[in-house]
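Trainee: prediction below, plus the sequence it came from.
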Amino acid sequence: MLSPHGERTGVDNDLSELAAAYGVATTYRDGQRRPVTVDEEVVVRVLGLLDVDASTPVARQAALAARAGHVPGTIAARTDRPRPLPAPGVLVDEQGGRRDVTTELPAGLEPGWYTLETGERVVTVVVAPPSLPEPQRTWGWMLQLYALRSAGSWGIGDLRDLRDLVEWTGREHQAGAVLLNPLHAITPVPPVQPSPYTPSSRRFTTPLAVRVTDLAAYAQVDEATRREVDALRPELVGDRIEHDRVWAAKRSAFELLWRASGSPEPAGADPALWEFATFCALAERYGGRWSRWPADLRHPKAAGVERARAELAPRVAFHAWLQAEAATQLAGVRETADGLGVRVIHDLAVGCDPEGADAWALQDVLALDARVGAPPDAFSQQGQEWGLPPWRPDRLDTTGYRAYADLLAAVLGNADGLRIDHVAGLWRLWWVPRGETPDRGTYVHYDPDVMLAVLTLQAHRAGAIVVGEDLGTVEPEVTEGLAARKMLGSSVLWFTRDLDAPGEPLLEPARWSEESVATVSTHDLPTVTGFLRGEHVRARAELGLLDDVDAEERKARADRAELVELLRAEGLVEGAEPDEQELVLAIHTLLASTRSRLALISPYDVIGEVRQPNLPGTVDEYPNWRLPLPLRLEELFTDERVADVVRRMRR
């Protein structure tokens, strides 16, 4: 909409009303809480991604008329209180039991999935407990599993390494948790995507994490085959994990063992597994980008898929078998962890690769012509675009949120907890239409009551805790919504500040949020040693990512001095210039003294690794997701620096 002087003033009333009806933001507040008006063309484009024509005034009025009297296809309810209904009808539970309901759902329903049959339609009803059990206070490790390496692993950390670490930390240190990076599945053709946050599928497990020599088939084959498998083992060369080389070696070993075992296939497997295995087989034949496959293969229900599945039956069976073996090893990790009282917390990425298995299988509920990101802020002045297609809220609603629920159930199948990356995405996501720059996007809102109800129900059924990564520009209702359901937020040392004090200084540990997971850093931020040495500034300056290097260096020195001053005020360091190792121990002692229910430490920080796992704003310019730990797992177990930090944490 233009003023008489030709200046853009915002969207017209019909467009604003229509956008609100579909949860598309026409305004929002930036990181400094300043109001921002979204360009009208962007609003129209995003509505178009939801199949809403808003291109003309007449089209907008027609769309508003069609939306009038809209009744949601899915609603949320709680077990502890009644809930008003959109219409009377018959409530049907998961066992087929039926009861008449009129104006409201009664309190006291069992948690679960229901359908409400009205005269005109069927509405899905998600009934969840009001909250999860309160997590116990404990500490543990946060890991990039791929970065672990041991005498038995094949160039990359695997599930046997994880099982050994869980046993060590639970038995030796009585720690209560291990948080992992996402173990989501890759597309099994080169180049292998190294980022665990751009997975082919969030519902299945990366075969890179499977320990070859722990397979039952390895123990059962003849000695000659076993020697042939052993000869494939790749060594870590230099200081980079080579995902393509590791996958080539492991794939060859898996195939040898599978064939030597009679080419088995899992009996009674979930149809979703066969669909994923079909995608893998098709990717091997036609390439890793399904949008370029023959037209009759570009949808799982397309005409050519059944024919191709039959033709590629051996490869489909192989990939299904491999996922079954991954599930077996994951179950072994959890069995070990449960026996020692250690919670294994898995990580859920924000989305999936638009050319991956989930985008192919779930394309009917994804907005494939949009990408998730973030609006411009102080960290990224042009905004961010993460290359991941978002859920379509309208399609989730009409399908009863089944794809979302199935995803959560799949990840929680062998987990005692779940970390939700960018948990604010349960409320809203920044959508960038295809071809637009990241600043040319807007927020699309979801139904947080339903999103949280499904999450609460699935976590309740799995006996799992939930951690929400609520860092950055997050609306208050996000943190409040997590706390109300006894889900933990995130407190990071570098960001946990007293927002009510002049200059917003670092917050003393006694005042950190109790309902949070306390960490020193994250995979996207400097390690302790990197922070103390200013490595995060040096690395970005070397890559030309900083406009004013001198200013960033001054800020890094000021940040370091502020941290040392906090440690000194807490009585954790003495002297004018404490040495680096003294600061590392003091920082972990501070972490242990916070009020947070869960404190997590990273091997990167404990053993003095300078480089951070991921440097935002880079792809191949920096070795993101390819840096192994400088120590092998066996060395980590006996390192005196680890022992010193563990003693601090156990206090």
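Mentor: All right, it came through fine.

Trainee: measure Gln581 to Gly608 for me?
Mentor: Per CB to CB, to the nearest Å, Gln581 is found 8 Å from Gly608. In short, each C-beta sits where N, CA and C put it, glycine included.

Trainee: identify the contacts common to these two.
Mentor: Arg641 (CB atoms under 8 Å, 6 or more residues apart in numbering).

Trainee: ok, which stretches of the stretch 1-150 of the chain are helices?
Mentor: Along the stretch 1-150 of the chain, counting by DSSP state H, counting those that start in this stretch, helices occupy 13-21, 40-49, 57-67.

Trainee: let's have those in a markdown table, adding mean pLDDT and distance to Ala331.
Mentor: Converted to a markdown table, the helices of the stretch 1-150 of the chain look like this (pLDDT from 0 to 100; distance: least, CB to CB, whole Å):
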| stretch | mean pLDDT | distance to Ala331 |
| --- | --- | --- |
| helix 13-21 | 96 | 45 |
| helix 40-49 | 98 | 39 |
| helix 57-67 | 96 | 47 |
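
Trainee: among those, which is the most enclosed?
Mentor: Neighbour counts (mean count of other CB atoms under 10 Å) averaged over each of those peak at helix 40-49, with a mean of 21.

Trainee: could I get the average pLDDT for stretch 183-195?
Mentor: Mean pLDDT, stretch 183-195: 97.

Trainee: which residue sits closest to Tyr114, ignoring its sequence neighbours?
Mentor: Excluding its sequence neighbours, the residue lying closest to Tyr114 (CB to CB, 6 or more residues apart in numbering) is Val125, at 4.0 Å.

Trainee: any idea how far Glu553 is from that neighbour?
Mentor: Where Glu553 is concerned, Val125 sits at a distance of 57 Å (CB to CB).

Trainee: with Ala337 instead?
Mentor: 43 Å.

Trainee: so which strand or helix has Val642?
Mentor: Assigned by DSSP states H and E, Val642 falls within helix 640-650.

Trainee: buried residues in that helix?
Mentor: By neighbour count on 16 or more other CB atoms under 10 Å, the buried set for helix 640-650 is Val642, Val645, Val646, Arg648, Met649.

Trainee: closest one of those residues to Leu362?
Mentor: Met649 (40.3 Å; CB to CB).

Trainee: would you check how far apart that closest one and Arg137 are?
Mentor: 12 Å.

Trainee: just the residues contacting the helix holding Val642, thanks.
Mentor: Counting by CB under 8 Å, 6+ apart, 139, 173-175, 581, 584-585, 588-589, 591-592, 599, 601, 603, 606-608, 636 sit against helix 640-650.

Trainee: quick one: Asp12 from Ala410, how far?
Mentor: Taking CB to CB, one finds Asp12 at 44 Å from Ala410.

Trainee: quick one: contacts for Leu165?
Mentor: Here Leu165 is in contact with Trp141, Leu143, Leu148, Val178, Leu633 (criterion: CB under 8 Å, 6+ apart).

Trainee: picking up where we left off before, which one of Val125 and Glu553 has more residues nearby?
Mentor: Val125 (25 against 15; other CB atoms under 10 Å).

Trainee: so where is the stretch 451-600 of the chain shaky, pLDDT-wise?
Mentor: By pLDDT under 70, the stretch 451-600 of the chain contains no weakly predicted segment.

Trainee: what segments of it are strands?
Mentor: Here the stretch 451-600 of the chain has its strands, by DSSP state E, counting those that start in this stretch, at 465-468, 489-492, 516-519, 598-601.

Trainee: kindly reformat the helices of the stretch 1-150 of the chain as CSV containing distance to Leu499.
Mentor: Below are the helices of the stretch 1-150 of the chain laid out as CSV (distance: least, CB to CB, whole Å):
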stretch, distance to Leu499
helix 13-21, 30
helix 40-49, 31
helix 57-67, 39
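
Trainee: let me know which of those is the nearest to Gln220.
Mentor: Taking the helices of the stretch 1-150 of the chain one by one with CB to CB, helix 40-49 is closest: 51.3 Å.

Trainee: who are the packing partners of the closest one?
Mentor: With contacts taken as 3 or more CB pairs under 8 Å, 6 or more residues apart in numbering; DSSP states H and E, helix 40-49 sits against helix 13-21, strand 428-433, strand 442-445.

Trainee: so Pro199 versus Gln382, what's the distance?
Mentor: Pro199 is 26 Å from Gln382, by CB to CB.

Trainee: so the two - more neighbours on which side?
Mentor: Taking neighbours as other CB under 10 Å, Pro199 and Gln382 compare with Pro199 leading, 27 against 11.

Trainee: re the thing from before, and Gln581 and Gly608? which has more neighbours close in?
Mentor: Gly608 (18 against 12).

Trainee: count of neighbours near the nearest residue to that one once chain neighbours are set aside?
Mentor: Nearest non-adjacent residue to Gly608, counting by CB to CB, 6+ apart: Thr529, 4.7 Å away. Thr529: 20 surrounding residues under other CB under 10 Å.

Trainee: contacting residues around Ala283?
Mentor: Ala283 neighbours (CB under 8 Å, 6+ apart): Thr187, Pro188, Val189, Trp290, Ala357.

Trainee: I figured the fourth one hits His299, correct?
Mentor: No. Contact criterion CB atoms under 8 Å: Trp290 and His299 do not qualify, at 9.1 Å.

Trainee: now the strands for the stretch 101-250 of the chain?
Mentor: Using DSSP E, counting those that start in this stretch, strands in the stretch 101-250 of the chain cover 104-105, 112-117, 122-128, 138-143, 177-180, 184-185, 201-205.

Trainee: for Leu566, which of these is the nearest?
Mentor: strand 138-143 (20.1 Å).

Trainee: may I have the strands that pair with that closest one, each with its orientation?
Mentor: strand 177-180 (parallel), strand 598-601 (parallel) (DSSP bridges).

Trainee: how about TSV for those, with distance to Thr479 and mean neighbour count added?
Mentor: Output for the strands paired with strand 138-143, formatted as TSV (distance: least, CB to CB, whole Å; neighbours: other CB atoms under 10 Å):
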stretch	distance to Thr479	mean neighbour count
strand 177-180	19	24
strand 598-601	16	26
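
Trainee: now the ones you listed as a markdown table including distance to Asp397?
Mentor: Output for those, formatted as a markdown table (distance: least, CB to CB, whole Å):
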| stretch | distance to Asp397 |
| --- | --- |
| strand 177-180 | 31 |
| strand 598-601 | 33 |
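
Trainee: wait, which of those strands is closest to Leu232?
Mentor: strand 177-180 (25.8 Å).

Trainee: which outside residues touch that closest one?
Mentor: Here strand 177-180 has contacts from 138-143, 145, 162, 165-166, 169, 337, 342-347, 417, 419, 467, 517, 598, 600, using CB under 8 Å, 6+ apart.

Trainee: export that strand to CSV, keeping only CA atoms.
Mentor: Taking Å, rounded to 0.1, in the frame of the first residue of the first chain, the C-alpha atoms of strand 177-180 are listed here in CSV:
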residue,chain,number,x,y,z
ALA,A,177,23.0,-37.3,30.6
VAL,A,178,24.7,-37.3,27.2
LEU,A,179,23.4,-34.9,24.5
LEU,A,180,24.2,-35.8,20.9
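
Trainee: quick check: mean pLDDT across it?
Mentor: 97.

Trainee: my guess is Gly387 contacts Thr198. True?
Mentor: Yes. Contact criterion CB under 8 Å: Gly387 and Thr198 qualify, at 6.5 Å.

Trainee: show me which of these two is the more surrounded one.
Mentor: Legend: neighbour count by other CB under 10 Å for Gly387 and Thr198, higher for Thr198 (21 against 17).

Trainee: so the nearest residue to that one once chain neighbours are set aside, which state does it fall into?
Mentor: Nearest non-adjacent residue to Thr198, counting by CB to CB, 6+ apart: Asp353, 5.2 Å away. Here Asp353 is coil, with the state taken from DSSP: H, G, I helix; E, B strand; the rest coil.
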